[in-house]
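Asker: model this:
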Amino acid sequence: MSRNRSMVLHPPVYTLRLELLDIEPPIWRRVEVPGSFTLEDVHHVIQRVMGWEDSHMHLFEIGAARYGFGDNEFDEDEQDDSAVLLSDLGLRQGDRFRYTYDFGDDWEHVVTVEAERRDVPPADVPRLLGGERACPPEDCGGVHGYHELLEALADSEHEDHASAQEWLGGPWDPAAYDVAYHQRLLRPPTRARRSPRPTATPGRQPGRDMTPAHTARANEVLALMDPLRRRVPWLPDSVAGLAADLIQRFCLDQPDEFLGVRRPELWLAAGVHAAFMLHPYLLLYPLKPLTLQELAELWGVSVASISKRSRQLRQGIKVTW
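Answerer: Numbers count the residues shown, from 1 in each chain. Here you go, the predicted structure:
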């Protein structure tokens with residue numbers, strides 16, 4: 001007589017399908033997100049898998065409730081999305097809610113709960129399962145402007161064809177979507193080692209020998225972002241997002257160098273400093289940067305060590321806005 005193996009139940013994980021409204025063919029993504037994420041965390045997931053730049057405000061509308069920054073002088077009913085967990089919303093399979101990004105262009109996404117699972121280990125999520133078509137370019141004028149842009153790009157005789165290409169600044173394929181690339185933006189993937197190899201082997205190629213230790217360290221670093229933002233509540237979302245992106249890219253490109261720094265606080269401090277150094281809006285808006293001295297005092301690391309690692313993160317990084 002066979003014995004039934006007991007199933008390990010993990011915290012809930014939600015499979016969500018995101019789709020931009022009023023666009024055909026549809027632009028959609030499918031993700032798995034842990035119920036332990038706040039709605040603010042879900043916002044960051046949506047930004048990364050869709051391809052947005054997180055440079056505008058956003059709003060969740062779930063039932064009769066509205067969730068955003070929670071400090072909106074024009075909407076007293078808006079609640080703080082960082083104070084509510086996804087698992088506390090009572091969502092069930094088939095439920096739908098709305099996520100709006102950029103109140104000028106008004107990009108409206110319908111989010112459908114496709115499944116709630118308890119068999120997914122927490123280390124495996126968030127995870128991008130699929131998607132189709134490129135995200136519209138930021139600030140293109142919403143759905144109407146997006147359709148006009150596509151029309152101009154498709155017709156070489158169109159009066160706006162040349163200006164549209166110039167505005168985009170390079171080749172852009174509206175049908176293209178790279179699932180693997182956007183998954184890397186969520187979290188560094190685990191890569192199996194082919195053979196034992198000492199750390200920082202001379203002449204090794206970047207991006208090789210990714211191990212669970214590297215992944216764990218990257219997640220350890222990024223887990224410090226929320227405590228930092230609680231201590232520095234004015235830290236812009238776009239700066240925090242860029243810092244996380246830089247840290248993940250460096251972990252993928254130079255995994256042994258990344259693991260060689262034992263203190264995760266140092267990489268986080270360096271990532272935030274590098275993000276401020278690269279952030280173009282500092283030239284346009286009075287965003288107060290965190291200085292090296294402030295970062296050093298926050299995390300108890302030296303100014304020189306932050307500066308050194310910040311330079312490493314910035315070297316060879318091409319940031320697209």
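
Asker: Which strands or helices does the longest strand belonging to the chain pack on?
Answerer: The longest strand of the chain (DSSP state E) is strand 107-117. With contacts taken as 3 or more CB pairs under 8 Å, 6 or more residues apart in numbering; DSSP states H and E, strand 107-117 sits against strand 13-20, helix 39-50, strand 96-101. Yep, even glycine has a C-beta here, placed from its N, CA and C like the rest.

Asker: Pull the number of nearby residues for the residue nearest to residue 263 when sequence neighbours are not counted.
Answerer: Residue nearest to residue 263 in three dimensions, not counting chain neighbours: residue 301, with 6.5 Å by CB to CB, 6 or more residues apart in numbering. By other CB atoms under 10 Å, the residues close to residue 301 number 20.

Asker: Same check on residue 263?
Answerer: That count, for residue 263 with other CB under 10 Å as the rule, works out to 13.

Asker: Then residue 88?
Answerer: 11.

Asker: And for residue 171?
Answerer: By the measure other CB under 10 Å, the count of residues near residue 171 is 7.

Asker: and the gap between it and residue 134?
Answerer: To residue 134, residue 171 is 11 Å away according to CB to CB, to the nearest Å.

Asker: Same question for residue 295.
Answerer: Applying CB to CB to residue 295 and residue 134 gives a distance of 35 Å.

Asker: Just want to know which of those two has more residues nearby.
Answerer: Using other CB under 10 Å as the criterion, residue 295 and residue 134 rank with residue 295 on top: 26 against 16.

Asker: helix/strand/coil for the more buried one?
Answerer: Classification of residue 295 by DSSP: H, G, I helix; E, B strand; the rest coil places it in helix.

Asker: How about it, nearest residue that isn't a chain neighbour?
Answerer: Per CB to CB, 6+ apart, closest to residue 295 is residue 269, 4.2 Å.

Asker: hmm, who's touching the helix or strand encompassing the one you found?
Answerer: Using DSSP states H and E, residue 269 maps to helix 264-278. Residues outside helix 264-278 that contact it (CB atoms under 8 Å, 6 or more residues apart in numbering): 217, 220-222, 224-225, 228, 235, 239-240, 242-244, 246-247, 258, 261, 282, 287, 289-290, 292, 295-296, 298-301, 305-310, 312-314, 317, 319.

Asker: pLDDT on that helix, on average?
Answerer: Regarding helix 264-278, the rounded mean pLDDT is 86.

Asker: Show me which positions of it end up buried.
Answerer: The neighbour-count check on helix 264-278 (16 or more other CB atoms under 10 Å) flags 264-276, 278 as buried.

Asker: now stretch 47-65
Answerer: 47-56, 58-62.

Asker: so for it, what's the average pLDDT?
Answerer: Averaging pLDDT along stretch 47-65 gives 92.

Asker: now do stretch 167-179
Answerer: The average pLDDT within stretch 167-179 is 89.

Asker: How about stretch 21-38?
Answerer: Averaged over stretch 21-38, pLDDT sits at 95.

Asker: What is the end-to-end distance of that stretch?
Answerer: Distance across stretch 21-38, first residue to last, is 24 Å (CA to CA, to the nearest Å).

Asker: mind listing what's buried in it?
Answerer: Neighbour counts over stretch 21-38 (16+ other CB under 10 Å) mark 23, 27, 28, 29, 30, 31, 32, 33, 34, 35, 37, 38 as buried.

Asker: And for stretch 228-242?
Answerer: Residues 228, 229, 235, 236, 237, 238, 239, 240, 241, 242 are the ones in stretch 228-242 that count as buried (16+ other CB under 10 Å).

Asker: Same check on stretch 91-109?
Answerer: For stretch 91-109, burial by neighbour count (16+ other CB under 10 Å) applies to 91, 95, 97, 99, 100, 101, 102, 105, 107, 108, 109.

Asker: hmm, back to that, which members of the buried residues of stretch 228-242 are positioned in helices?
Answerer: Using DSSP state H to define helices, the subset of the buried residues of stretch 228-242 located there is 228, 229, 237, 238, 239, 240, 241, 242.
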